[in-house]
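Q: after the sequence you'll find the predicted model.
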Amino acid sequence: MRLLVSLLLCLCIPMTWAADANAPKLDIGKGGHCVRDPQWMRKNHMHLLIHQRDETVRKGIRDDQVSMKNCVDCHASLKDNSVIARDDSFCVGCHRYEAVKIDCFECHSSKRQTALAMKDEK
Amino acid sequence: MSDTDAQRRQFLKTSLGAAAVAIAPGMLLFETARGNTEAASSKVRWGMLIDTAQCTQGCNDCVTACNKENGLSGGTAPTDSQWIRKIDLKDISSGHELSLPMMCQHCAEPPCVDVCPTAASFKRADGIVLVDRHRCIGCRYCMMACPYKARSFVHEPLTDQKPDVPRGKGTVESCTLCVQRIDKGQQPACAEACKNKAILFGNLNDENSEIAKKVRSVVSVQVRADLQLNTGIRYQGL
Ligand code: SF4
Ligand code: SF4
């Protein structure tokens, strides 16, 4: 019984989140299934990133799936290929809402790679 | 905290636990990692042998390729980043002239790493010396310590960096031997771009590699060998 209630509640959390009138409405880009469940990602994506950055930079382990490049590739807007360009862009939208400054994109590319490659060829 | 609050918390905790269990089987599908999941190994020592006789004066192909690969502006002012530069040398007594590429020498005993107060400068297991920009505080000790003037400081905000080469204001940078390419099994951009094959790249520790064989058979020198830094970049005919 407890399990059932818990499961019901799990389903409800995202719904209440979506129902909050002030919650950011994000342009999730391609979206689809993330590398983890979305609710988990909302809470923990920074732990994934910080772990992966040490693995990649310092040890040379390049797991494409949890790479910054992969995040941007899926979540950049389909309109402008960016995760930070507009108020509802994937990263900026939430971060403004939560008042957490991100400086990832002072160094990392905020644009979808495929779009950049096309620009290069022109 | 009221009783109701405590109950709610407990309730939330259990439901989150249940969520993890419920999702786990599905998650496994997405757990399979892609890309290069092997760490750099100390069995490898990446290095280069530069044949100065093959390097033509005025040719800048390696520099151009480096700038393109790593998203550098190509400017040569003191405040512009230069990861590799062409140097013209002249022996005054004989008049013999040489032109050669010069970059981070990927020292085995790197002074830049010794002096870095934050451990941002570090040597990877396979001998590549890098700056971890997540830690670099821009103090520039490493720039002063490097005998080869290999490092640059990023003075201005940057935009449109390459997805594979994050770079940003307030940090130090230098030649990375194109780690992003090496980790995929490719050659550094400069080595690939040189028409005259003046830059030979490979694993110095593998006695059957082309570079190891050549280092055994020809005379090559390290620049400022007296400093005993055991550089990964060697020059032939210097
Ligand atoms: S050449 Fe300079 S930057 Fe490169 S490893 Fe040696 S000391 Fe460090
Ligand atoms: S500038 Fe950065 S990499 Fe260089 S010594 Fe200071 S913290 Fe280390």
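A: Nice, I can see it. Ligands and ions are numbered 1, 2, ... in the order given.
Q: for the residue nearest the centre of chain B, what are its contacts?
A: The residue lying closest to the centre of chain B (Cα atoms, centre = their mean) is B:Thr176, at 1.4 Å. By Cβ atoms under 8 Å, 6 or more residues apart in numbering or on different chains, the contact list for B:Thr176 reads B:70, B:83, B:104, B:128, B:130, B:165. Bear in mind the C-beta positions are built from the backbone N, C-alpha and C, glycine included.
Q: please produce a markdown table containing the residues you listed, extended by secondary structure.
A: As requested, the contacts of B:Thr176 are exported to a markdown table (DSSP: H, G, I helix; E, B strand; the rest coil):
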| residue | secondary structure |
| --- | --- |
| B:Asn70 | helix |
| B:Trp83 | coil |
| B:Cys104 | coil |
| B:Ile128 | coil |
| B:Leu130 | strand |
| B:Val165 | strand |
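Q: also near ligand 2: which of those residues, exactly?
A: Residues of the contacts of B:Thr176 in contact with ligand 2 (Cβ under 6 Å from any ligand atom): none.
Q: okay, and for chain B, where does confidence drop off?
A: Residues of chain B meeting the criterion pLDDT under 70: B:1-35.
Q: kindly report the residues of it close to ligand 2.
A: So far as Cβ under 6 Å from any ligand atom goes, chain B lies against ligand 2 at B:115-116, B:118, B:120-121, B:131, B:136-142, B:172.
Q: buried among the contacts of B:Thr176? Make that a PyMOL selection.
A: The buried subset of the contacts of B:Thr176, as determined by 16 or more other Cβ atoms under 10 Å in any protein chain shown, is captured in PyMOL by this line:
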select buried, chain B and resi 70+83+104+128+130+165
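Q: burial measure for the residue of chain A found nearest ligand 2, as a count.
A: Here chain A gets closest to ligand 2 at one residue, A:Val57, 12.3 Å apart by Cβ to the nearest ligand atom. For A:Val57, the neighbour count with other Cβ atoms under 10 Å in any protein chain shown is 20.
Q: what residues are up against it?
A: A:Val57 touches B:130, B:132-134, counting by Cβ under 8 Å, 6+ apart.
Q: returning to that earlier point: how about JSON lines for the contacts of B:Thr176, with distance to ligand 1 added?
A: Listed next are the contacts of B:Thr176 as JSON lines, based on distance: Cβ to the nearest ligand atom, whole Å:
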{"residue": "B:Asn70", "distance to ligand 1": "15"}
{"residue": "B:Trp83", "distance to ligand 1": "10"}
{"residue": "B:Cys104", "distance to ligand 1": "3"}
{"residue": "B:Ile128", "distance to ligand 1": "9"}
{"residue": "B:Leu130", "distance to ligand 1": "9"}
{"residue": "B:Val165", "distance to ligand 1": "17"}
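Q: out of the contacts of B:Thr176, which is nearest to B:Gly202?
A: B:Ile128 (13.2 Å; Cβ to Cβ).
Q: can you tell me if the helix or strand containing A:Gln52 touches chain B.
A: Assigning secondary structure by DSSP states H and E places A:Gln52 in helix A:38-54. Yes: using Cβ under 8 Å from any Cβ of the partner chain, helix A:38-54 reaches chain B at A:39-40, A:53-54.
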